[in-house]
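Novice: Return atomic coordinates for the entry below.
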Amino acid sequence: MPIKISFQNKALSAVGGLLCFEALIKQMRLGEAVEPSLPTGKISGKSTPFDKFQALLLASVAGAECLDDMDRLQNEPVFGELNGPLQTARSYGNFLRKFSSSHLQGLNHQLSQLAGRLRSRVGTEERLILDMDSTGHIQHGEKMEGLAFNYKNEWGLDSIEVFDQLGFLYYVNVRSGSTFTADDAPFIVSEVARNLAPSLRRLKPLLRCDSGYCNNLVFEACEQQNLDLLVAMRENFYAPLLKRRIKWRLAKSKELAEEGAEMGESLYFSKRCAKLYRVVFIRRPRKGQRELFADWQWTYQAYITSISSSEMDGEEIVKLYRQRGNAENYIRELKNGYDLHHFPCQKLNANRAYALIGGLAYNLMRGMALMIDPKKPPFAKRLRFLLVNLACQVVRKARETIFIFPHRHQKEVNRCLMNIRLRLGYG
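Specialist: I've put the predicted structure just below:
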């Protein structure tokens, strides 16, 4: 059948689902929480600092990939209704450049608080497991503050994140590209632990890291903050322990047994903490030509932990550490789903603020995803199809604004708003 095209003057929007996230922001009282951490201008304008903050936050939810997309979103009636007087992309850039170190520290505190509150409201009683990791961000400019070559010889910036096992983000910081992965790690451990709600400490939290964070300062920070730890050991840490007499046994689990793996255990004394830690070894036959010396016939991996053998045996420790791979997926989601591959500003603190706002948007989206499907929560791309990219009409009459959705969206919108009121309310 022939297709015709016609035009009308009705205010139509393709991002009607932002109404649900604006309701979530209000229900969680995010405005009251972050307002002290936002910079104020010398001259008050039509838009308050929180108006600008919320506009950037909802733009990230909607899939904005750069500040220039703020100009595009001005044509969306729903975006304009939810955020008050809109500014140009340049104005939002100026807003980001006003963030100081104290503002950023306060915003990171609110990021951790939001993650904890959302986690407690999705109904999980699991022990809190925190995964700390860093990642590189390749940039193509020259004037951006902090640009440097990293250990992969990539030109760009670096960031460090802390996630829990459900995917909520508790800390994010953008750093110089040449920063060593464990720099500031003890401070970050202390900051995250200090911001945890008492309900999350009911079961002793666990910090899980790769070998880049295997140092006595990180161990000491965990002891001071009453966190268990599980860290992959670097070879220079575990090599001296192999000289001791270790009792090796064949692995019992099917997965490890098929690899021909053997398990063993030892102890490591941390002078910094004046404490003995348990070390779990796993060794596998070396592939290829048989070596002359017995020790060279094996490849070794080691994990240092404060978890006792009465709580978990060695194979359970290895299995628990391998679940850390989910943190890589969450980092990939943060970079791909919210385009934190790149940063928009030349000033490092402005890029840190941009990453934190993206992190807050990520946590809101993660909370919604876990409400939709707790067992297999959708990532950003699918979630935007389900909840954000909903067509609606904006009608203004009798001093009120009405969002009119098609009937096919009625179930999704009503269910989402009901869950926000019942499950994600402030309390």
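
Novice: Please read off the pLDDT at L348 from the model.
Specialist: On pLDDT, L348 comes in at 95.

Novice: Counting neighbours, what do you get for it?
Specialist: For L348, the neighbour count with other Cβ atoms under 10 Å is 17. Heads up, the C-betas are built off the backbone N, CA and C, glycines and all.

Novice: what does the one 4 residues further on give?
Specialist: If you count neighbours by other Cβ under 10 Å, R352 ends up with 26.

Novice: Figure out how far the helix or strand containing it is from the centre of its chain.
Specialist: Using DSSP states H and E, R352 sits within helix 348-372. A distance of 7 Å separates the centroid of the chain from that of helix 348-372, by Cα atoms, centre = their mean, to the nearest Å.

Novice: Where does the prediction get shaky in this structure?
Specialist: Per-residue confidence for the chain (pLDDT under 70) gives these ranges: 1, 42-45, 123, 288-296, 422-427.

Novice: Let's check: the centremost residue of it is which one?
Specialist: Centroid-nearest residue in the chain, with Cα atoms, centre = their mean: L169, separated by 3.2 Å.

Novice: Against A197, how distant is it?
Specialist: Using Cβ to Cβ, to the nearest Å, L169 is found at 16 Å from A197.

Novice: thinking again about what came up before, contacts for the next helix or strand after the helix holding R352 next, please.
Specialist: Once the chain leaves helix 348-372, the next helix or strand it forms, by DSSP H and E, is helix 380-383. With contacts defined as Cβ atoms under 8 Å, 6 or more residues apart in numbering, helix 380-383 is touched by 63, 333, 336-338, 362, 365, 368-369, 372.

Novice: Next, format the residues you listed as JSON lines and append distance to G31 and neighbour count.
Specialist: Converted to JSON lines, the contacts of helix 380-383 look like this (distance: Cβ to Cβ, whole Å; neighbours: other Cβ atoms under 10 Å):
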{"residue": "G63", "distance to G31": "23", "neighbour count": "17"}
{"residue": "E333", "distance to G31": "26", "neighbour count": "20"}
{"residue": "N336", "distance to G31": "29", "neighbour count": "13"}
{"residue": "G337", "distance to G31": "24", "neighbour count": "21"}
{"residue": "Y338", "distance to G31": "21", "neighbour count": "22"}
{"residue": "Y362", "distance to G31": "18", "neighbour count": "28"}
{"residue": "M365", "distance to G31": "18", "neighbour count": "26"}
{"residue": "M368", "distance to G31": "19", "neighbour count": "26"}
{"residue": "A369", "distance to G31": "23", "neighbour count": "22"}
{"residue": "I372", "distance to G31": "25", "neighbour count": "17"}
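
Novice: Show me which pair in these is furthest apart.
Specialist: Greatest spacing in the contacts of helix 380-383, by Cβ to Cβ: N336 and I372 (19.5 Å).

Novice: so Y171, which of the three states?
Specialist: Of the three states, Y171 takes strand under DSSP: H, G, I helix; E, B strand; the rest coil.

Novice: tell me which of the contacts of helix 380-383 is nearest to H140?
Specialist: Closest to H140, out of all of the contacts of helix 380-383 and judged by Cβ to Cβ, is N336, at 17.7 Å.

Novice: that's a helix at that closest one, yeah?
Specialist: Yes - the assignment for N336 is a helix, going by three-state DSSP.

Novice: Give me the nearest residue to it, chain neighbours excluded.
Specialist: Nearest non-adjacent residue to N336, counting by Cβ to Cβ, 6 or more residues apart in numbering: A380, 7.8 Å away.

Novice: Roughly how far does the one you found sit from E258?
Specialist: Applying Cβ to Cβ to A380 and E258 gives a distance of 36 Å.

Novice: Between the two, tell me which one has more neighbours.
Specialist: Between A380 and E258, A380 has the larger neighbour count (other Cβ under 10 Å), namely 21 against 9.

Novice: any idea how far K252 is from that one?
Specialist: Applying Cβ to Cβ to A380 and K252 gives a distance of 40 Å.

Novice: just checking, next helix/strand downstream of the strand or helix carrying T299?
Specialist: If you go by DSSP H and E, T299 is part of strand 298-305. Going down the chain from strand 298-305, the next helix or strand is helix 314-322, by DSSP H and E.

Novice: Which residues does that next one contact?
Specialist: Here helix 314-322 has contacts from 208, 230, 232, 251-253, 256, 263-265, 280-282, 303, 305, 307, 312, using Cβ under 8 Å, 6+ apart.

Novice: For L130, what is the enclosing helix or strand?
Specialist: strand 129-138.

Novice: Mind giving me the packing neighbours of that strand?
Specialist: Packing contacts for strand 129-138, counted by 3 or more Cβ pairs under 8 Å, 6 or more residues apart in numbering; DSSP states H and E, involve strand 155-164, strand 169-176, helix 185-194, strand 206-209, helix 325-337.

Novice: at 10 Å instead, please
Specialist: Secondary-structure packing of strand 129-138 (3 or more Cβ pairs under 10 Å, 6 or more residues apart in numbering; DSSP states H and E): strand 155-164, strand 169-176, helix 185-194, strand 206-209, strand 228-232, helix 325-337.

Novice: Report the angle between it and strand 169-176.
Specialist: Here the directions of strand 129-138 and strand 169-176 differ by 30 degrees (axes from the mean of the first three to the mean of the last three Cα atoms, to 10 degrees).

Novice: Parallel or antiparallel, which strands does strand 129-138 pair with?
Specialist: Sheet pairing here is set by DSSP bridges, and for strand 129-138 it gives strand 155-164 (antiparallel), strand 206-209 (parallel).

Novice: For F21, find the nearest of those.
Specialist: It is, among the strands paired with strand 129-138 and with distance given as Cβ to Cβ, strand 155-164, at 20.7 Å.

Novice: now could you export just the CA positions of the closest one as PDB?
Specialist: C-alpha atoms of strand 155-164 as PDB (Å, rounded to 0.1, in the frame of the first residue of the first chain):
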ATOM      1  CA  TRP A 155      47.600   8.000  25.200                       C
ATOM      2  CA  GLY A 156      44.800   9.000  27.500                       C
ATOM      3  CA  LEU A 157      43.400   9.100  31.000                       C
ATOM      4  CA  ASP A 158      42.900   6.500  33.700                       C
ATOM      5  CA  SER A 159      40.000   5.800  36.000                       C
ATOM      6  CA  ILE A 160      39.400   3.700  39.100                       C
ATOM      7  CA  GLU A 161      36.100   2.200  40.100                       C
ATOM      8  CA  VAL A 162      34.600   0.200  42.900                       C
ATOM      9  CA  PHE A 163      31.500  -2.000  42.200                       C
ATOM     10  CA  ASP A 164      29.600  -4.500  44.200                       C
END
